[in-house]
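Participant: got a structure for you, letters missing:
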């Protein structure tokens, strides 16, 4: 057996590669009609191609390229800080009903997703516990949830559950990024929703800037400072809560700090330029997603590719039908519902950043959807993890009575 040489890409070089990957994704999306018409995020296009090239290098040259993801982790905090800074209290109140509806819908879907996973496991003659790994643990939960529950499952006797969970989460990340755009395209086309209805209020003319370039620099510097405060205070809050035995993901505390800061700024009449914040969020999101996809080690998934792909196809079918016939209808059958449906697919199969990337790809073509960008991140960043934990524990309780 040949020895594999490990080549570690340092953080700053990984950042450089991720930007080049984004350039590649943008170029391919412009040149390949299928990609542009189905609103595939450029980070997904470029990231998948890069991970494929890395896998070929591994197979041909016995060289493993390992990207250092330190910067990616910071970008995740920055991105969710921008989501928090966009959550004005008046907007939260206005979106309260939609948020409550989407939370309830997501809870139903988690049960359906786990039921599908368990059914697939039983159909393949596997322990139903692996079905939970092929359900909401890995898909809606993502890599972090898959790793945590995988360790619990292995301790309970499910060999290799952790690796299986990571594999499902990885393929779910791909599936969520690829499927969300086509779902939105289908809904917009079938329901004859015109782009002009939603972009009519948008102007192609740049907004006048009374302060000129100095005003633009001021807005950028203010955004950098505020985002740094969100990340730093979020980390401090997270450490404090951890010491008290309360475990919350770092991105959630950063987002909560952002919500507090943006609403306090309204009270004291200090403006945080929203478009500048949005630009920082867009950049952070795309680089984060590009890094996540380009660093996938596809060769590690080859041995279990068959069952994983079967489960992925089944879950993609389930979430497509659910988004089209449930999410779209209960969220209002309008343009916002189309965008929310695209985000729901990304959230249900991959992760919240994938959901945002899906929605960003749709709104960049058809116009903004403030409602979607409010409710989907809140559900994906907070509520779905709580509901997922309850659903998983419920399934474990039922299955433990039936299977030894």
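Facilitator: Perfect, I can see it now. The model shown is predicted, which means the values in this text are computed figures rather than measured ones. Residues are numbered from 1 along each chain as shown.
Participant: which stretches of this structure form strands?
Facilitator: 5-9, 63-67 (DSSP state E).
Participant: Could you single out the most deeply buried of these?
Facilitator: Comparing the strands of the chain by mean neighbour count (mean count of other CB atoms under 10 Å), strand 63-67 comes out on top with a mean of 17. C-beta coordinates here come from the backbone N, C-alpha and C atoms, glycine included.
Participant: Next, the angle strand 5-9 makes with it.
Facilitator: 20 degrees (axes from the mean of the first three to the mean of the last three CA atoms, to 10 degrees).
Participant: Pairing partners for strand 63-67, with directions?
Facilitator: strand 5-9 (parallel) (DSSP bridges).
Participant: Now find how far off-centre the strand it pairs with is within its chain.
Facilitator: 28 Å (CA atoms, centre = their mean, to the nearest Å).
Participant: List the contacts of stretch 334-342.
Facilitator: 39, 102, 180-181, 183-184, 187-188, 191, 193, 197-198, 323-324, 327-329, 331, 355, 358-359, 361-363, 366-367, 369, 371-372, 375-376 (CB atoms under 8 Å, 6 or more residues apart in numbering).
Participant: mean confidence for that stretch?
Facilitator: In this model, stretch 334-342 carries a mean pLDDT of 94.
Participant: residues of that stretch that come out buried?
Facilitator: 334, 335, 336, 337, 338, 339, 340, 341, 342 (16 or more other CB atoms under 10 Å).
Participant: distance between that stretch and the chain's centre?
Facilitator: 16 Å.
Participant: Could you do stretch 356-368 as well?
Facilitator: For stretch 356-368, the distance to the chain centre is 14 Å (CA atoms, centre = their mean).
Participant: buried residues in that stretch?
Facilitator: Buried, per 16+ other CB under 10 Å, within stretch 356-368: 356, 357, 358, 359, 360, 361, 362, 363, 365, 366, 367, 368.
Participant: Endpoints of stretch 25-42, how far apart?
Facilitator: Counting by CA to CA, to the nearest Å, you get 4 Å between the two ends of stretch 25-42.
Participant: what does it rub up against?
Facilitator: Under CB under 8 Å, 6+ apart, the answer for stretch 25-42 is 22, 43-47, 49, 177-178, 180-182, 184-185, 286, 289-290, 342, 357-358, 360-362, 365.
Participant: longest helix in this structure, by residue count?
Facilitator: helix 212-243 (DSSP state H).
Participant: So which other helices or strands are in contact with it?
Facilitator: For helix 212-243, the packing partners by 3 or more CB pairs under 8 Å, 6 or more residues apart in numbering; DSSP states H and E come out as helix 70-85, helix 250-267, helix 274-294.
Participant: now the longest one and helix 70-85, what's the angle there?
Facilitator: Interaxial angle of helix 274-294 relative to helix 70-85 (the same axes, to 10 degrees): 140 degrees.
Participant: re earlier: average model confidence for the longest helix of the chain?
Facilitator: Mean predicted confidence for helix 212-243 is 87.
Participant: Going by neighbour count, which residues of it are buried?
Facilitator: Under 16+ other CB under 10 Å, the buried positions of helix 212-243 are 219, 222, 223, 226, 227, 230, 231, 233, 234, 237, 238.
Participant: Just give me how far it sits from the chain centre.
Facilitator: The answer for helix 212-243 is 22 Å, by CA atoms, centre = their mean.
Participant: and if you look at stretch 288-305?
Facilitator: On CA atoms, centre = their mean, the centre of stretch 288-305 falls 16 Å from that of its chain.
Participant: Quick check: buried residues in it?
Facilitator: Applying 16+ other CB under 10 Å to stretch 288-305 flags 288, 289, 290, 291, 292, 293, 294, 295, 296, 298, 301 as buried.
Participant: Now the first one. Nearest residue, chain neighbours left out?
Facilitator: In space, and not counting its chain neighbours, residue 288 is closest to residue 75: 4.3 Å by CB to CB, 6 or more residues apart in numbering.
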